[in-house]
Structure formats: C-alpha cells, structure tokens
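K.L.:
The following comprises the amino acid sequence and a computationally predicted model.
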Amino acid sequence: MLECNGCSKYQKTEWNCCPYCGSPSKDFTILTAGEREIFPEAFEPQILLSAMNVANEKAFSLALIQYIQQIIASPANLFDLRSRIVEVYIHCSANPSFLYTRSLWVSLVLASDSYFLTKAIMYRWSSPQLEPLRQKWYQMLAAAFLGLRQDELTEEFIKDWTRDFTELHKCMVRPLMGCHLCQSKCVFQYDVKQFVVQSTDLVEQLTAQLSQSDTATDVFAKVGIEQSNDWFSSNDKDLAYCIATHLISEIDLLSRDASIIISDKIRRLIQERLQ
Amino acid sequence: MKCQCETYLLLDWQYCPVCTAPVLITDQSDELKSRGFHRFPAAFAPLSYRFGKHVADQSWFYATFCQYVLLIKFDPTQLVYFRSTLLDRYFCFVGPNPPVATNEAFWCAISLVTDRYFRRRAAIYSWSSSQEQQIVEAWYDLIDLAFLVHEKNTVLETSKIAEWSSRLDEMQTQETGPHLACQLCESKCKYGEDIKFMITNDPLAIGEARSSVEGKSDSQQIEQLAWFARLWTERTLCLYDEDFAFCMSINVADRLGWSPERVHQLMVPIRESCHIDSCPEV
C-alpha cells in the first residue's frame, strides 16, 4: 500500500498526485505491513505476475470479502473455511501447480491490500488507525495459510482484531433508505454492496416474486436472513437487514416512501426471526 | 463530485489525483448572499461550504425541508423535533467520517436550502423584496435559536413560531389555484408548490399510484387515488388534513396524465372521498 509522504494519507498506485496535499506520486512511500518479511521468497517477479492476475479476479476478491466477514462472524472460521479460498484460487489461476503456496500467499496479500485500500479511502482512515490492524491480519493469514506462529494465534487475538476492525467502521453515515434503523452503521455497506451488485440472478428472481405477491416484507426479510447465512455464514440482524435494504435499492421498484414503510416492517421481522 | 477528467472525487479532496488539477469551488457567491452567513460565519469556510452545498443540492434534502416547513404549520414544536430528521438526511449524503464539524456544514446546508426555498416562494407568489426579506429574517431568527449554540440560555416560544407560520400562510393566500379543480380547496394555495415538488422528487411513487389505479372503473380509481393521497398525507404530516389530501390527489392525477377536464369533472367525488369519514382505512 502507498502512503503520501506529505500528509500520510493512503494513495492508490494509479494516482499521479495526492488528492489532499497535491504532492506528486514520486513522494509516495510503500507501506509494508511485514507481509514481505513473513515470506520474502514468495515475492519473485514471475510469481508476482501470476498472483496479480488472480488477485484482480472478481471471484477471488469476493471470496476474500466473504472470508473476512466469516471470520468476523466466528473466529474459528479462520481455519475452518480457508479451503474455500484455496478452491477459488485454483479456479482463478490459469495453471495451478502443486507448489501454489507461494503464489497463493502473494495473491492473498495483493487482494487484501486492495480491499483495505479501497475501504481506507472510502472511510477516510489514516495509516496509524489501519496499519496495526493490517499487520495483525497478515499474522492471521500467515498462521492459516503458511502455518507460521500458530501458537500465538489465540481465539482472543482474532476476537480483538474483529472488534477493533468493526469499531473502525463505526460512523454516522446512512447511504440508503432505511439505514436509520440499523444499529451497526456502517460496518457492512461495502462488503454487502459488492455481493449484491454481483447477484443479478437473485435480483431478477426477487423482482418476479414481488410482482406476484403482496408480501414484499416477508420476501425481503427471508432473503436477507438466507443470504447473510449463505454469503457470510452469519446470523447478525444488522447484516441481514443490510442485505435486504441493498436489495430493495438494487431492485429499484419502490418509491422512497414505500421503502421506508416496508423497511420498518422488514426490520421487525428480521429481529423476530433472529432472536 | 466529478473532475473535468471524469474522475469521481471525494468531497474533501483538494486535488484531482489523476489529472492533478486543483479542485476549485467555482461559485461561492451564495455564501455572500446567504443570510445565514452572518449568524455563523465558520459554517461557510471553504470545506464546510463544499459539504453544505453538496447536501443542499440534493433534491431529497430540499423535499425534506418542504416537509419541515409544512409540519411547523400544524405543530410548532416540530421546529425543534424535526431537526433530527433533517440531520438524518444530512448524513445520507456526506459519506463516512466527514472531515468537517457537523454543526457547521449542517448550518451551511440549512442556510442554502432556506435561501433557495424562499427565493422560489417569492417568485411564485410575487412577493416584494422587502416582504421576502422580512419573512426570511424572521425564519432565521427561529432556526437560529433551534439549531445554533448560544451562550445565554434562550427560550423559543411556540407562540412566536405559530405567529410566523400564520404570517407565511397569509402571504401565500391566493384567489385561485393552479388547477381547475382548485376551486373546491379552502386553503389556496398553501400546499400546491410543496406537494408538486415532493411528487416530482420521488418518481417511483407515481408508478405505484399508476399501478393501483390502472384498469379500474372511475369510482374505483377515485377511491384508490384518495387512498394513496391519504397515505401520503399521513406520512408527510403525521396527521390528516383534507385540503392537503385533496391537493395531493389533484397533483397525482395530473402526473398520471388525467386531462384537466376529466379532473374538473371528477373533482366533487374526489373531494368527497378525501373527506376523513369516507376515506378507506389505511
């Protein structure tokens, strides 16, 4: 990840100057969160190239988002669900060899970095806020995928990371209709959005269902709970509600007034069902 | 916000990171004209002005402001209570962790919207500039107490608010309304402008109204229209007002493409179904 020397704000690689202080891109420094030191021999030019292709795949970045959310839902998922990442990696890479550990590691590092960077710019995080968490994240990945220092990685460690990372997202923003009812503003917005815009099938199916039945609230509450379980293995009320709200806005059939009315009912239904 | 090179920019960026051009605030003339400026100059500092203007430019924020002024007519205490809804809308548009103080950018947004609202009123009701100035100043006196922090303990009397809104009502009184059917309305023309704006602001709502009246007989259509108007009236005002619902029905009918003659023909049954006793339960 890049940082501006002048104002310590995060920068994207394709930028020519810092949007805050205007210093040119030659004044950017690379922040390594120790990810290269953990496994330096992996960062060879050839591996880097193939890993870059994998990290740029939508499926891989979605799998990573899913993995992060699953860990937030339950710390044990760090180890239990890593096979899913490996699966998606094999699917995305052009010629997976049996020695994919290095390439997988580099792909994970690159994809995580781009995930953190996008969020850091969106949420206006500064590097002192995010860097410790990013460091810890690589420590977790190293334990899960490289088997390094596993004994240090207690459940407590993962829980602390989860708590701090969610805490960092807390702000007053209300991007959608119905956000005023949510109690975790705004932890899920970006991750949910990435999944919702990808699921055109689901949106079509819901649109068809909506025109047939009168019970829109029931449909949305059900799909919110189902998808939060399906996508993120989570039973969080706010996550289910976030998915439902994003789907309403994606379907774009209901007026503001109507969405506010039904989001109230959806919220109540979700709360009842996820007691 | 977008740069000339089509890059999307965050509100607090000073430079476009792609073409390196500085992001300029092109027109800050509003700032000098705004009467809110003198009451809280810090709110109009460049960064906070940028956030405030962005929020004030959103039509949904303007629609909420219209609702705010309407509500005050029915319940003066809403001048204070409805603040939270306005603040809620403010947070819809600023993005996560805005680098400006909320009270500053929010005051800027409110001032800009106020100016726009009363400028529009003045044009429609042909107020003289001194009339406009009086009513706007009186409005600022009210929201100054409701929104800004004061060193001295201040009391906002409901009688003053009520007095202000009855003065506004007086200044909005007209002999005729914009539609033929307006002759049946008893409060010409307090609601026409706001309702028209609120309806055009939520385009999908007309779709909902259309799907509920389509393919029905005349009497059923009127019933549906009244139901829709009643629903919207209650959601907007938190109470029921016959003239408001009637105005809403006529405006919706207009947007649905009913000809003025047809609305004129059906105005009596429409008015009757807007009557509180004959309206179907929501």
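P.N.:
Everything's here; your move.
K.L.:
before we move on, what SS does B:Ile161 have?
P.N.:
helix (DSSP: H, G, I helix; E, B strand; the rest coil).
K.L.:
Correct me if wrong: it contacts B:Ile72.
P.N.:
Yes. Counting by CB atoms under 8 Å, B:Ile161 does reach B:Ile72; the two are 6.3 Å apart. All C-beta spots, glycine's among them, are computed from the backbone N, C-alpha and C.
K.L.:
okay, and the common contacts of these two?
P.N.:
B:Leu79 (CB atoms under 8 Å, 6 or more residues apart in numbering or on different chains).
K.L.:
Check the offset of the helix or strand harbouring A:Ala59 from the chain's centre.
P.N.:
Element membership for A:Ala59, per DSSP states H and E: helix A:58-73. With CA atoms, centre = their mean, to the nearest Å as the basis, helix A:58-73 stands 6 Å off its chain's centre.
K.L.:
Pull out the buried positions in that helix.
P.N.:
A:60-73 (16 or more other CB atoms under 10 Å in any protein chain shown).
K.L.:
Considering only the residues you listed, which also neighbour chain B?
P.N.:
Of the residues in the buried residues of helix A:58-73, proximity to chain B by CB under 8 Å from any CB of the partner chain holds for none.
K.L.:
Can stretch B:77-96 be said to contact chain A?
P.N.:
Yes. Applying CB under 8 Å from any CB, one finds stretch B:77-96 in contact with chain A at B:Asp88, B:Phe91, B:Cys92, B:Val94, B:Gly95, B:Pro96.
K.L.:
Format those as a markdown table; extra columns: pLDDT and neighbour count.
P.N.:
Listed next are those as a markdown table, based on pLDDT from 0 to 100; neighbours: other CB atoms under 10 Å in any protein chain shown:
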| residue | pLDDT | neighbour count |
| --- | --- | --- |
| B:Asp88 | 91 | 14 |
| B:Phe91 | 93 | 22 |
| B:Cys92 | 92 | 19 |
| B:Val94 | 92 | 24 |
| B:Gly95 | 88 | 19 |
| B:Pro96 | 90 | 20 |
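K.L.:
Now, the residues you listed that are in helices?
P.N.:
Taking DSSP state H, the ones among the residues of stretch B:77-96 next to chain A that sit in helices are B:Asp88, B:Phe91, B:Cys92.
K.L.:
For residue 76, which non-adjacent residue is spatially closest?
P.N.:
Since no chain was named, I'll use chain A. A:Glu155 (7.6 Å; CB to CB, 6 or more residues apart in numbering or on different chains).
K.L.:
look at chain B instead
P.N.:
B:Ile161 (3.8 Å).
K.L.:
residues contacting the one you found?
P.N.:
Here B:Ile161 is in contact with B:Ile72, B:Pro76, B:Leu79, B:Leu142 (criterion: CB under 8 Å, 6+ apart).
K.L.:
ok, now B:Gln14?
P.N.:
The contact partners of B:Gln14, taken as CB under 8 Å, 6+ apart, are A:Pro19, A:Tyr20, A:Cys21, A:Gly22, B:Pro22, B:Val23.
K.L.:
just the buried members of those?
P.N.:
By 16+ other CB under 10 Å, the contacts of B:Gln14 give A:Pro19, A:Tyr20, A:Gly22, B:Val23 as buried.
K.L.:
Need the pLDDT of the last one.
P.N.:
Put plainly, it is B:Val23. On pLDDT, B:Val23 comes in at 86.
K.L.:
State whether B:Trp127 and B:Gln172 are indeed in contact, as I suppose.
P.N.:
No. B:Trp127 lies out of contact with B:Gln172 (CB under 8 Å); the separation is 9.4 Å.
K.L.:
Now the common contact residues for the two.
P.N.:
B:Arg121.
K.L.:
Without its sequence neighbours, what residue ends up closest to A:Ser8?
P.N.:
A:Ser127 (5.5 Å).
K.L.:
Isn't the one you found up against A:Glu3?
P.N.:
Yes. Using CB under 8 Å, A:Ser127 is in contact with A:Glu3, at 5.5 Å.
K.L.:
what about these two, which has more around it?
P.N.:
Shown here are A:Ser127 and A:Glu3; by other CB atoms under 10 Å in any protein chain shown, A:Glu3 has more neighbours (19 against 16).
K.L.:
Neighbours of B:Asp202, how many?
P.N.:
Using other CB under 10 Å as the criterion, the residues surrounding B:Asp202 number 19.
K.L.:
pLDDT score assigned to it?
P.N.:
The model reports B:Asp202 with a pLDDT of 86.
K.L.:
now swap in B:Pro17 and tell me
P.N.:
93.
K.L.:
quick one, phi/psi of A:Glu3?
P.N.:
phi -130, psi 150 (degrees, to the nearest 10).
K.L.:
scratch that, B:Pro22 is what I was asking about
P.N.:
According to degrees, to the nearest 10, B:Pro22 has phi -70, psi 140.
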